[in-house]
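Q: fold the following, please.
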Amino acid sequence: MNMKFTRKIRLDRVGSATTPAKVGDFVEVSPDVDVREGSVIAVRALSESRSYGNIEMPSGRLAKVVKGNIVAGVLGARQALHGYMGHMPSQVKVGDVLSLLNMGGVIGVCDAPNKDLGPPISVEVLGNVIRDDKPLNIGDYGIARVDTLREDGPPLVLIFGTSMNSGKTFAAGEIIRNWSHSGIRVAAGKLTGVAALRDTLSMQDNGAVATASFLHCGLPSTVNARNLDEIGRSVIHELERSEPDVIMLELGDGIIGGYHVRDILTDPHIQRRTRARVLCASDLVGAWGGVTYLDTLGHKPEVISGPVTDNAVGTRYIENDLKLDAVNARIDPLQLSAVVARHAGLDREIYE
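A: Next up, the predicted model:
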C-alpha cells in the first residue's frame, strides 16, 4: 500500500470504537484505504440526526456530530434489531459515502434505516488513518488470545436477553453494585454486540474491579467475527488478571440474532465455568422461548428478570409454570443480587 502521499488533519470527534488504537486529535491520513474490519478511517459528516446524532468518545462522553465535523471511526458491520442494520463495504475509496452505524463510531453501508431513528448520519471518506507509515487497525492492538481457560478460575455469571433493550445492562449494573458493596470482587465484560464503551463503563461505575469486551480484542462488532469462542475466552482470561471472586459477562443483543451469541454459549470452556445465568425478557412468550432455546444449549437460566417481571402476571407464570426465580432489577435489585449470588455459589450476605 502506497503511503507516500499523506496529510495531517485535526479530528473534531473520535469514536470510542477506535479505543484500542488510542487515536489522538491530530492524525496522519492516507488516500489509500485498507479495506478490513477495524480499519480506522477519517470521514466528514454530511448530515446530522436529531434522534441518533451523538458519538461516544473514548472518554465515554457523548458529543453531537455536526455537519462538516471530521470524525475518526472504524470500518465494520451492525445487525441491531432496534437499531441500524449495515454491512462492511467490499471496497472503499476517498470520496465514498458511508454511514455512521452506531454511537461508538462503527462505519459501514447502511442496509436499512430504522423507522424510529430515521436515516443514519452520512459521512464522506477522507482516507485511512496511519501511524508509522502503516494503516491503523484496532485489530492490531487487541488483548492476547488464548485457546483454553483454567477450570479452577472464578465462577462465571452470564446475563443474556431475548433482544436488545430487554434490561440486561441495568440488571448487570445493579448486581455488580450490590455485590461490590458486600465485599465481593467483581470483574465484568461484554462478549457480543457492536463496539461502544457505554456498557462496560456502567459496569465500572457500579464497582467492577476490571472490565473488558470484544472491542478490547480489536473487533468493531461480532457480526462477522470468526472464532468468537476464542474472543470470549480471551476476555475472560484478561479479566482474571484482576483476581476477582466472580466474573459477570453480558451478551449483547438477543440470544438469537446477528451477533453470534450461540458461539459463546456453546463453548465448552465457558460452559464448564458458568455457575449462574440471568435471562432478561420483555414478555411471557419471550421468557418461555428463551428458556426453551437456552436449555438446548446447556444454559437453562436460573433467574429471569427484565420487563416480564414488572408485575405479578409475569412473576407468577415464571415461578409456577417455568419453575424459575423471577426478580425485577428495578423493583427489588437487592433480592436479584442475593438470588443470583446464591445460584453462583457466592457464600456472602448481600448488602444494598
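Q: helices of this protein, start to end?
A: 168-181, 198-205, 228-240, 261-265, 268-273, 284-296, 312-320, 333-344 (DSSP state H).
Q: which strands and helices sit next to the first one?
A: With contacts defined as 3 or more CB pairs under 8 Å, 6 or more residues apart in numbering; DSSP states H and E, the packing partners of helix 168-181 are strand 156-161, strand 186-192, helix 198-205, strand 246-251, strand 274-280, helix 333-344. Placement of C-beta: from N, CA and C, glycine included.
Q: hmm, 6 Å instead?
A: strand 156-161, strand 186-192, helix 198-205, strand 246-251, helix 333-344 (3 or more CB pairs under 6 Å, 6 or more residues apart in numbering; DSSP states H and E).
Q: just give me how far it sits from the chain centre.
A: 16 Å (CA atoms, centre = their mean, to the nearest Å).
Q: buried ones in it, by neighbour count?
A: 168-180 (16 or more other CB atoms under 10 Å).
Q: contacting residues for the nearest residue to Ala287 once chain neighbours are set aside?
A: Among residues not flanking Ala287 along the chain, Ala281 sits closest, at 4.1 Å (CB to CB, 6 or more residues apart in numbering). Going by CB atoms under 6 Å, 6 or more residues apart in numbering, Ala281 touches 162, 287, 290, 306, 308.
Q: including pLDDT, neighbour count and distance to Asp205, could these go into JSON lines?
A: Shown next, in JSON lines, are the contacts of Ala281 (pLDDT from 0 to 100; neighbours: other CB atoms under 10 Å; distance: CB to CB, whole Å):
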{"residue": "Thr162", "pLDDT": "96", "neighbour count": "27", "distance to Asp205": "25"}
{"residue": "Ala287", "pLDDT": "98", "neighbour count": "27", "distance to Asp205": "29"}
{"residue": "Gly290", "pLDDT": "98", "neighbour count": "28", "distance to Asp205": "28"}
{"residue": "Gly306", "pLDDT": "97", "neighbour count": "29", "distance to Asp205": "21"}
{"residue": "Val308", "pLDDT": "97", "neighbour count": "28", "distance to Asp205": "26"}
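Q: export these as TSV, with columns for distance to Val327.
A: Conversion of those to TSV gives the following (distance: CB to CB, whole Å):
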residue	distance to Val327
Thr162	17
Ala287	13
Gly290	16
Gly306	10
Val308	11
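Q: looking at these, spot the one nearest Asp147.
A: Using CB to CB, Gly290 comes nearest to Asp147 of the contacts of Ala281, at 30.1 Å.
Q: and the closest one, how close does it get to Val261?
A: Using CB to CB, to the nearest Å, Gly290 is found at 11 Å from Val261.
Q: also Phe160?
A: Applying CB to CB, one obtains 7 Å for the distance of Phe160 from Val261.
Q: ok so, going back, out of the helices and strands packed on helix 168-181, nearest to Leu81?
A: That would be strand 156-161 among the helices and strands packed on helix 168-181, by CB to CB, at 10.8 Å.
Q: which parts of the closest one are buried?
A: So for strand 156-161, counting by 16+ other CB under 10 Å, buried means 156-161.
Q: and stretch 324-340, by the same measure?
A: So for stretch 324-340, counting by 16+ other CB under 10 Å, buried means 324-329, 333-334, 336-340.
Q: gap between the residue nearest to Ala77 when sequence neighbours are not counted and Asp140?
A: In this structure, Ala77 finds its nearest non-sequential neighbour in Val223, 4.1 Å apart by CB to CB, 6+ apart. For Val223, the distance to Asp140 (CB to CB) stands at 20 Å.
Q: what about the two, which has more around it?
A: Using other CB atoms under 10 Å, the more surrounded residue of Val223 and Asp140 is Val223, with 26 against 13.
Q: show me what contacts that one?
A: 77, 79, 258 are the contacts of Val223 under CB under 6 Å, 6+ apart.
Q: show me the two of the buried residues of strand 156-161 that sit farthest apart.
A: Checking these with CB to CB, the most distant pair is Leu156 and Gly161, at 16.9 Å.
Q: number of nearby residues for the spatially closest residue to Gly105 that is not a sequence neighbour?
A: Distances taken as CB to CB, 6+ apart put Gly15 closest to Gly105, at 1.7 Å, once the chain neighbours are dropped. Neighbour count for Gly15, taken as other CB under 10 Å: 30.
Q: go on, Gly83?
A: So Gly83, with other CB under 10 Å, has 20 neighbours.
Q: ok, back up a step: closest to Ser90 among the contacts of Val223?
A: Ala77 (11.7 Å).
Q: I'm done for today, thanks for sticking with me.
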